[in-house]
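>>> Give me a model of this one.
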Amino acid sequence: MKKTIILNIIFLTILIVFLELIINFFNLSQIMGIDSKIVLKNEGNFSLKKNSNGKIFGEEVYTDEYGFRVPAKKYKYYKNKSSIFFIGDSTTLGNGIKENFTFVGKLRNKIEKFNFYNSSVFGYQIFHHSENLNMVEQFPNIIKIFYVFTLNDVFDVEKSNKNKINDKDLISKIKNINTLVKVNEFLRNKSHTYMLMKGLISDPSKRYFQYVNKYYEKKNEYNLEISYFSKLKKISNSKKMDLNIIILPYEFQTRVGNCNEKNLKPQKIIKKLLKSMNIVFIDYTQEFCRHKNPKSLFLKFDPMHLSEKGHHLVYELLSKKILE
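Predicted coordinates for the structure are as follows:
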């Protein structure tokens, strides 16, 4: 009996290892962990540590003397060049993608007449940017600021459980069990098999879009959001830098039949706000929807993070804008 149990455990272990290797080799899923050694926590806020490195979504990330993502250690900028400054969250940071395949990395490699600063940090939202943008004063010759906006930038996900479509559903109940939350965090950082099964069973892209869409559906006033956008505009104007906001979609919105007025309401609301404040913006949603395979533009089972193909599309669109 004991021997049988041991043999079963050995067999199961070999099977799991085999599945991990196969799923990883064929890129069927994406792990989503963040190496704590690259994160700096300070008085309730957080950023990326300066001159550091660590894995984010399984990919090595390097930071410079400012805590910005760069291609390699000891990366140097050119003080005599004009500069483009990016602000954003994990999508702009390029979670899970090698730096030279992110849209900022591609711009850096292809448009050599500019420095490109990528100040993006995973989890950042519009209030982080409005507080931190004053730091641009320390960078020479910045001519443009690009804020790559994703739909959850206007609210704090951790504080918006009340906005979920159904707090009584199974996923919500599981998220309220602390032990299971910790197990989930461990497995999503370590196991491709777990991420594949989770993606196939729960469709996280659809689920996360419904969470964020519920926020827009319930809100009637956007005074706080307007105040943050206004602050961004005021700072950029005072420093004589062009502020450009790039709006990106969620994966679920780009699926066949989903790129319609009902599902694009969040973009409509944000664009209306930006128009009222005379802030320059470009919505890339339709470019994603028109792609022959929109799903390939995102990481596997991911609501919004871009794949290499997605980053390349944004790079192509942005390069035209920058070189205008």
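
>>> pretty sure I111 is touching K321, no?
No. Contact criterion Cβ atoms under 8 Å: I111 and K321 do not qualify, at 11.2 Å. To be clear about C-beta, it is placed using only N, CA and C from the backbone, and glycine gets the same treatment.

>>> Could you count how many residues lie near Y147?
24 (other Cβ atoms under 10 Å).

>>> Likewise for the one 5 residues further on?
By the criterion of other Cβ under 10 Å, N152 has 22 neighbours.

>>> which residues sit in contact with it?
125, 212, 304 (Cβ atoms under 8 Å, 6 or more residues apart in numbering).

>>> just those now: which is nearest M241?
Set against M241, the nearest of the contacts of N152 by Cβ to Cβ is Q125 (21.0 Å).

>>> rewinding a little: could you export the contacts of N152 as CSV, including secondary structure?
CSV is the format used below for the contacts of N152 (DSSP: H, G, I helix; E, B strand; the rest coil):
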residue, secondary structure
Q125, coil
V212, helix
M304, coil
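
>>> which among these end up buried?
For those, a neighbour count by 16 or more other Cβ atoms under 10 Å gives the buried set as 125, 212, 304.

>>> My guess is the second one contacts N263. True?
Think V212. No. Judged on Cβ under 8 Å, V212 makes no contact with N263 at a distance of 11.2 Å.

>>> what's around I14, how many residues?
10.

>>> Give me the distance between it and S191.
The gap separating I14 from S191 is 15 Å, by Cβ to Cβ, to the nearest Å.

>>> And N42, by the same measure?
Distance from N42 to S191, by Cβ to Cβ: 31 Å.

>>> Need the three-state assignment for N115.
strand.

>>> Can you read off the backbone torsions of the nearest residue to it once chain neighbours are set aside?
Once flanking residues are discounted, N115 sits nearest to S83: 4.0 Å by Cβ to Cβ, 6 or more residues apart in numbering. Backbone torsions of S83, given as degrees, to the nearest 10, read phi -130, psi 150.

>>> can you tell me which residues contact S83?
Applying Cβ under 8 Å, 6+ apart, the residues near S83 are 77, 114-117, 139-143.

>>> can you do 6 Å?
Counting by Cβ atoms under 6 Å, 6 or more residues apart in numbering, S83 touches 115, 139, 141-142.

>>> In JSON lines, list these along with secondary structure, pLDDT and distance to D242.
Supplementary listing: the contacts of S83 in JSON lines, determined by DSSP: H, G, I helix; E, B strand; the rest coil; pLDDT from 0 to 100; distance: Cβ to Cβ, whole Å:
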{"residue": "N115", "secondary structure": "strand", "pLDDT": "95", "distance to D242": "16"}
{"residue": "F139", "secondary structure": "coil", "pLDDT": "84", "distance to D242": "15"}
{"residue": "N141", "secondary structure": "coil", "pLDDT": "88", "distance to D242": "13"}
{"residue": "I142", "secondary structure": "strand", "pLDDT": "92", "distance to D242": "10"}
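
>>> Need the buried ones from the residues you listed selected in PyMOL.
What follows is the PyMOL syntax selecting those of the contacts of S83 that are buried according to 16+ other Cβ under 10 Å:
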select buried, resi 115+139+142
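
>>> Would you mind measuring from I270 to K106?
For I270, the distance to K106 - Cβ to Cβ - is 25 Å.

>>> what ranges do the strands span in the stretch 101-250 of the chain?
Applying DSSP state E, counting those that start in this stretch to the stretch 101-250 of the chain gives strands spanning 114-118, 142-149, 242-247.

>>> who's in contact with N42?
So N42 contacts nothing (Cβ under 6 Å, 6+ apart).

>>> Look at it and report its pLDDT.
If you check N42, the pLDDT there is 77.

>>> Distance check, it against D242.
Applying Cβ to Cβ to N42 and D242 gives a distance of 30 Å.

>>> I282 looks like it's in a strand, true?
Yes. The assignment for I282 by three-state DSSP puts it in a strand.

>>> List the contacts of it.
Neighbours of I282 in contact, by Cβ under 6 Å, 6+ apart: I246.

>>> What sits closest to K295 if chain neighbours are left out?
E251 (6.7 Å).

>>> what about the one you found, neighbour count?
Counted with other Cβ under 10 Å, E251 comes out at 26.
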